[in-house]
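1. Structure for the following, please:
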Amino acid sequence: MKNKILILSIVVLVVFLSGCIGSSTSNIDATSINSHLKSGDASFNQAANATNKFQYDEALTDCNNALSDFNLAESSAKTGLKYAQDSNDNIYVNYMQYVISELDTKINATTELKTAIPYLQENDTVNANTHISLSNGYMDKAIEFKTDRDNLVLQNPSKFK
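-> As a prediction, this is how the structure comes out:
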């Protein structure tokens, strides 16, 4: 009888521990991160298009929407990074670091575009173009982080289902 209780206790302990070990990365809210990232991208693109059409008020609104979404995604990603670090899985840690870096550069790109718009409204093309150029540079860097992230997924398909 004691052997059955001991075996049952060991089985329960093993099941409990295996659930705890795997639960760190399962707490990462990938759906929220991806949703806000996509929404932020859409708002940024709308802001760029509105800027090109001289619709500056709409562009500023879209910049604010993009910043809101990128900041929400970054907050969730930073929480996700903590879970990844707790899991001691370098692949998830690297992935979350790429996500955060991508979001950080998109926040910078959006801020630069938002800064350029008042200069465009005042016909100060020199300063506007400086900020637009910085915005484009940040977006180019964000694409590099996304590529790094995508490559990590391709190299580790069992980790990302």
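2. Below-threshold pLDDT in the chain: ranges please.
-> Scanning the chain for pLDDT under 70 picks out the ranges 1-26.
3. change it to 80
-> Within the chain, the segments meeting pLDDT under 80 span 1-27, 161.
4. Next one: Val99 from Lys141, what distance?
-> Val99 sits 14 Å away from Lys141, going by C-beta to C-beta, to the nearest Å. Glycine gets a C-beta too; all of them are placed from N, C-alpha and C.
5. The two: who's more crowded?
-> Taking neighbours as other C-beta atoms under 10 Å, Val99 and Lys141 compare with Val99 leading, 25 against 17.
6. what sits against that one?
-> Taking C-beta atoms under 8 Å, 6 or more residues apart in numbering, we find Val99 in contact with 33, 37, 73, 77, 80, 145, 149.
7. what's near enough to touch the third one?
-> The contact partners of Ala73, by C-beta under 8 Å, 6+ apart, come to 32-37, 40, 99, 103.
8. mind running it again at 7 Å?
-> Listed by C-beta atoms under 7 Å, 6 or more residues apart in numbering, the contact partners of Ala73 are 33, 36-37, 40, 103.
9. are any of those residues buried, and which?
-> Buried by 16 or more other C-beta atoms under 10 Å: 33, 36-37, 40, 103, out of the contacts of Ala73.
10. Among those residues, which lie within helices?
-> Residues of the buried ones among the contacts of Ala73 located in helices (DSSP state H): 33, 36-37, 40, 103.
11. And the furthest pair within the residues you listed?
-> Greatest spatial distance among those (C-beta to C-beta): Ile33 and Gly40, at 10.6 Å.
12. The chain: helices as residue ranges?
-> Secondary structure of the chain, counting by DSSP H: helices at 2-26, 30-52, 56-87, 90-121, 125-155.
13. For Lys161, which of these is the nearest?
-> Smallest distance to Lys161 across the helices of the chain (C-beta to C-beta): 10.1 Å, for helix 125-155.
14. pretty sure Leu81 is in contact with Ser101, am I right?
-> No - taking C-beta atoms under 7 Å as the definition, Leu81 is not a contact partner of Ser101, at 10.8 Å.
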